[in-house]
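# let me see the structure of the following:
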Amino acid sequence: MGHTIRDIAAALGARAEGDLDLVILSASEPAAAGPDALALAMDPKYAEGLARGAARAAILWQGADWRALGLAAALWVSRPRVALAGLSQMLDPGPGLAPGLHPLCDIHPSAQIGDGARIGPFVTIGAGCVIGPGVRIASHVSIGDAARIGSDALILQGVRIGPRVRIGDRFICQPGAVIGSDGFSFVTPEKSGVEEIRETLGVRADHHPQGWIRIHSLGSVVIGDDVELGANVCIDRGTIRDTEIGSGTKLDNLVHVGHNVTVGRDCLLCGQVGIAGSARIGDRVVMAGQCGVNDNIFVGDDVIAGGATKIFTNAPAGRVLLGYPAVKMTTHIEMQKALRRLPRLAATVAALQKAISKPTGND
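Numbers count the residues shown, from 1 in each chain. Okay, here's the model as predicted:
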C-alpha cells in the first residue's frame, strides 16, 4: 500500500503543494524515478535528473518552482536527511515475518513470549527467557537461557544472543551479530612478554616458553533501549561484571566490543571499530571506521575520532581526534603539512651541508 502526499507531508512536518491525494509507492533518485515514486531532489543539482525521470512528485530544494519542473505535487522540508529518515521508515516494508510462532521454531516451555510476537523458522529460545511484546525474530536466531529482550525488537537472520543477556526496547540487530560471546582473556603462570613490554615499552630481558591459561567470562551483556547493531557485530560478555551498551547507541557492521567495556548513550561506532577490554566510552562519542581504543582507558563525552584513529591514552571530553597515535585533529593536520614538506626540507639541508663542507680556497 502507498501513501498520499498529504500523509507524507503530515508525517514529515513538510510543506506540500499540488495534488495532495497523489499516491506514492516508493522513493527514488530523480533520474530513475517512475510515476509512482517520490523523487528526492533536495538540491538544485538534481533538476536535470528530474527532467530525465518520470516522477510526478518530489521533495524539492527551497525556492524550487514545482510547476515549471513539470510535477503534479511537491514537498519542502527544513532538514533533508531528517526527512529521509522519516520517509524511509514509512516506506520500509520490513522483513515480512508471518504473525505468531513458526512450527519449526524451538521455544523452551519456561520461556515467556509477549503478545504480537513474530518468530520465524529454526529459532531457538532457551529456558527462562523473557521476550517482550511485538518482537520480530527472523530465521536461525538463537537466544540463550535467561536472556531478556524488551518490546518491539527486530532481530534478523543468524543472530546469536548468549545466556543472561539483557536487551531493552526497540532493539534492531542485523544478520550475524553475536552478543554475549566469551571475552578474550588469558593469563600466563609467570610474567608474560606482553606484561614486560608494557612496563619497558619495547625492551625484553629474555625469551622463554609460556602457555596461556583461560579466564572464563562470568558476566554477561546489558544493552539499553533504542540500540542498533550492524551485521556481524561482536560484543563480548564481561569477566565478572557485565559489558554495557547505553541507550540510543548505534554500532555499524563488524564492530567489536571487548569484555567489561562500557559504552555510553547515543554513541555512533562505525564499521570495524574495535574497543579493547575494560575501556570506558562516554556519551555521544562518534568513532569513524577502523578506529581502535586501547584497553583500560577512558574516552570522554562528545569525543569525535576520525577514520582509523588509534586511541592509546585517556581522551578528555569534547576532544576531536585523528591519527595514529591519536592527537588533536588540528595538530594532526599540521603534522601532515610538515610531513609533506620533508622532501623539500631534506633537499635544503643537503644543499646547506654541501655548501658548508665545500673548500673555500684559502687553505
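# flag the shaky bits of this protein, pLDDT-wise.
By pLDDT under 70, the low-scoring segments of the chain are 359-363.
# the helices in the stretch 1-150 of the chain, which residues?
Along the stretch 1-150 of the chain, the segments classed as helices by DSSP state H, counting those that start in this stretch run 5-12, 47-52, 80-91.
# just these: most buried one?
Compared across those, helix 5-12 shows the largest average neighbour count, a mean of 19 (mean count of other C-beta atoms under 10 Å). Just so you know, the C-beta spots here come from the backbone N, C-alpha and C atoms, and that holds for glycine as well.
# give me the contact list for that helix.
With C-beta atoms under 8 Å, 6 or more residues apart in numbering as the contact definition, helix 5-12 has outside contacts at 3, 14-16, 18-22, 24, 38, 57, 73, 75, 77, 83, 86-87, 90.
# could you do stretch 274-284 as well?
183-185, 236, 239, 246, 255-267, 269, 291-303, 317.
# please name the nearest non-neighbouring residue to residue 59.
Nearest residue to residue 59 in three dimensions, chain neighbours excluded: residue 75, at 4.8 Å (C-beta to C-beta, 6 or more residues apart in numbering).
# burial of the one you found, as a residue count?
Using other C-beta atoms under 10 Å, residue 75 has 23 other residues around it.
# what does residue 242 give?
By the measure other C-beta under 10 Å, the count of residues near residue 242 is 21.
# how close does it get to residue 180?
10 Å (C-beta to C-beta, to the nearest Å).
# shared neighbours, those two?
220, 221.
# write the PyMOL selection for whichever of the contacts of helix 5-12 are buried.
Applying 16 or more other C-beta atoms under 10 Å to the contacts of helix 5-12 leaves a buried subset, and the PyMOL line that selects it is:
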select buried, resi 3+14+16+18+19+20+22+24+38+57+73+75+77+83+87
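# so which of the contacts of helix 5-12 belong to strands?
Using DSSP state E, 3, 15, 16, 18, 24, 38, 57, 73, 75 are the members of the contacts of helix 5-12 that sit in strands.
# spit out the contact partners of the closest residue to the second one other than its chain neighbours.
Excluding its sequence neighbours, the residue lying closest to residue 15 (C-beta to C-beta, 6+ apart) is residue 76, at 4.7 Å. Neighbour list for residue 76: 14, 15, 16, 59, 60, 61, 62, 64 [criterion: C-beta under 8 Å, 6+ apart].
# cutoff 10 Å now
Contact analysis of residue 76 by C-beta atoms under 10 Å, 6 or more residues apart in numbering lists 9, 12, 14-17, 42, 59-64, 66, 83.
# show me what residue 236 is bridged to.
Note on residue 236: beta-bridge partners by DSSP bridges are residue 181.
# mind listing what's buried along stretch 177-192?
For stretch 177-192, the neighbour count (16+ other C-beta under 10 Å) marks 177, 178, 179, 180, 183, 185, 192 as buried.
# and if you look at stretch 99-114?
Residues of stretch 99-114 classed as buried: 101, 105, 107, 111, 113, 114 (neighbour count, 16+ other C-beta under 10 Å).
# wait, the third one sits on residue 119?
Yes: because the distance of 7.4 Å satisfies C-beta atoms under 10 Å, residue 107 is recorded as touching residue 119.
# overlap of the contact sets of these two?
Contacts common to residue 107 and residue 119, judged by C-beta under 10 Å, 6+ apart, are 101, 113, 125, 131.
# among those, which one lies nearest to residue 202?
Here the nearest of the shared contacts of residue 107 and residue 119 to residue 202, counting by C-beta to C-beta, is residue 125; it sits at 50.1 Å.
# can you tell me which two in the shared contacts of residue 107 and residue 119 are farthest apart?
Maximum pairwise distance among the shared contacts of residue 107 and residue 119 (C-beta to C-beta): 10.5 Å, between 101 and 131.
# any common contacting residues for these two?
Common neighbours of residue 101 and residue 131 (C-beta under 10 Å, 6+ apart) are 107, 113, 117, 119, 125, 137.
# could these be laid out in CSV, adding distance to residue 213?
Formatted as CSV, those follow (distance: C-beta to C-beta, whole Å):
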residue, distance to residue 213
107, 38
113, 41
117, 42
119, 40
125, 34
137, 37
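# among those residues, which ones are in strands?
Cross-referencing these against strands under DSSP E gives 107, 113, 119, 125, 137.
# count of neighbours near the nearest residue to residue 74 once chain neighbours are set aside?
Nearest non-adjacent residue to residue 74, counting by C-beta to C-beta, 6+ apart: residue 66, 3.5 Å away. Residue 66 has 20 neighbouring residues, counting by other C-beta under 10 Å.
# is residue 66 in contact with residue 17, as I believe?
Yes: using C-beta under 10 Å, residue 66 is in contact with residue 17, at 6.4 Å.
# now do the shared contacts for those two.
Contact with both residue 66 and residue 17 is made by residues 60, 73, 74, 75, 76, according to C-beta under 10 Å, 6+ apart.
# identify the bridge partners of the third one.
Spelled out, that is residue 74. Beta-bridge partners of residue 74, counted by DSSP bridges, are residue 17, residue 58.
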